[in-house]
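Colleague: Sequence unavailable; structure follows:
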């Protein structure tokens with residue numbers, strides 16, 4: 001949605017998470033995916049002499065048996081009706097006996113020739129050390145309306161995996177890189193942070209690997225809120241943003257992904273017989 005929308009910050013963070021997950025899923029499915037297929041053919045035809053005859057429904061059988069069984073079933077069915085709806089219909093002039101009218105539907109399969117094929121691709125892989133190197137936020141117009149899109153390019157290298165393992169095991173790392181001034185990598189002002197989302201892998205002034213993680217959230221302020229509620233809402237958003245930033249680092253340290261992609265196609269050819277029986281005031285009517 002538009003960047004002016006009060007929900008934009010939170011939605012952008014979620015879009016980033018979805019983009020990263022989709023990228024991981026596509027990668028491990030194409031690299032490590034295992035394909036299984038299952039084809040099922042189901043054929044059936046009722047050629048019996050009573051193929052058009054339906055067994056009596058429970059209420060019909062109870063009516064023939066007599067006694068209190070039918071009344072018990074009717075009472076049980078009526079208690080399931082919404083009394084408020086009944087009363088509203090009666091008030092609108094619908095006869096009460098019509099409101100209590102029931103129909104029982106039965107279906108019977110006469111012929112079936114169905115073919116279905118299921119293709120499942122699944123994969124499991126550790127994405128430890130995955131680092132987004134480029135994140136782009138851009139707009140796209142479709143159906144006359146504008147939407148904001150997030151694109152992510154990430155890499156996973158021996159250095160990033162080793163650094164992730166070192167962090168996870170809480171040990172000093174031997175990974176080194178070209179020294180950089182961290183201040184130069186951060187936004188120049190507070191407004192610049194609004195253009196940042198996700199994780200960054202870099203090196204500090206001594207060439208040691210560092211992680212920069214950005215979390216986002218937004219507050220759709222309501223003019224009717226009191227000052228205390230607005231302050232609490234802002235604090236909650238800050239807590240969410242911090243949690244999202246910390247979660248990015250946790251995912252870098254150790255992130256196991258299990259993906260399953262299922263595709264089904266088939267042809268269905270069935271003939272069904274249907275019977276609808278009306279039951280009104282405890283009596284079986286026409287079918």
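Modeller: Noted; the coordinates are in hand. Note that this is a predicted model, so its numbers are computed, not measured. Residues are numbered from 1 along each chain as shown.
Colleague: any residues touching whatever helix or strand residue 14 lives in, and which ones?
Modeller: Using DSSP states H and E, residue 14 sits within helix 8-32. Outside helix 8-32, the residues that touch it by C-beta atoms under 8 Å, 6 or more residues apart in numbering are 1-2, 5, 121, 123-125, 127, 130, 132, 135, 137, 148-152, 154, 194, 197-198, 215-218, 237, 240-241, 244, 255, 257, 259, 261. From N, CA and C alone the C-beta is placed, and that goes for glycine too.
Colleague: wait, is residue 47 part of a strand?
Modeller: No: assigned with DSSP: H, G, I helix; E, B strand; the rest coil, residue 47 falls outside any strand and is coil.
Colleague: and it, how many residues sit next to it?
Modeller: 7 (other C-beta atoms under 10 Å).
Colleague: same check, this time on residue 45
Modeller: For residue 45, the neighbour count with other C-beta under 10 Å is 12.
Colleague: is it in a bridge, and if so with what?
Modeller: On the basis of DSSP bridges, residue 45 is bridged to residue 111.
Colleague: Quick check: it vs residue 267, distance?
Modeller: Separation of residue 45 from residue 267 (C-beta to C-beta, to the nearest Å): 16 Å.
Colleague: got it, and residue 274?
Modeller: For residue 274, the distance to residue 267 (C-beta to C-beta) stands at 22 Å.
Colleague: So which residues make contact with stretch 262-272?
Modeller: Residues contacting stretch 262-272 (C-beta under 8 Å, 6+ apart): 107-121.
Colleague: if you look at the contacts of helix 8-32, which of them are in strands?
Modeller: 121, 123-125, 132, 135, 137, 148-152, 154, 198, 257, 259, 261 (DSSP state E).
Colleague: Emit the PyMOL select command for whichever of those are buried.
Modeller: Here is the PyMOL command that selects only those of these that count as buried (16 or more other C-beta atoms under 10 Å):
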select buried, resi 121+123+125+132+135+148+150+152+154+198+257+259
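Colleague: just the contacts of stretch 262-272 now: which is nearest residue 189?
Modeller: Comparing these against residue 189 with C-beta to C-beta places residue 121 closest, at 46.3 Å.
Colleague: ok now do the closest one, which residues does it touch?
Modeller: 29, 33, 34, 35, 36, 260, 261, 262.
Colleague: Out of the residues you listed, which comes closest to residue 167?
Modeller: Using C-beta to C-beta, those come closest to residue 167 at residue 29, 27.1 Å.
Colleague: what about the closest one, distance to residue 122?
Modeller: For residue 29, the distance to residue 122 - C-beta to C-beta - is 8 Å.
Colleague: if you count what's nearby, which of those two comes out ahead?
Modeller: Comparing residue 29 with residue 122 by other C-beta under 10 Å, the one with more neighbours is residue 29, at 19 against 16.
Colleague: Now tell me what touches stretch 243-260 from outside.
Modeller: Contacts for stretch 243-260 (C-beta under 8 Å, 6+ apart): 13, 24-25, 28-29, 33, 120-131, 160, 164, 167-168, 198-199, 201, 211, 213-217.
Colleague: actually stretch 136-143, not the one I typed
Modeller: With contacts defined as C-beta under 8 Å, 6+ apart, stretch 136-143 is touched by 12, 146, 147, 148, 149, 150, 151, 152, 195, 197.
Colleague: Quick check: the farthest pair among these?
Modeller: 146 and 152 (20.5 Å).
Colleague: Lowest average confidence across helices and strands of the protein, where is it?
Modeller: Ranked by mean pLDDT, DSSP states H and E, the weakest helix or strand in the chain is helix 69-79, scoring a mean of 54.
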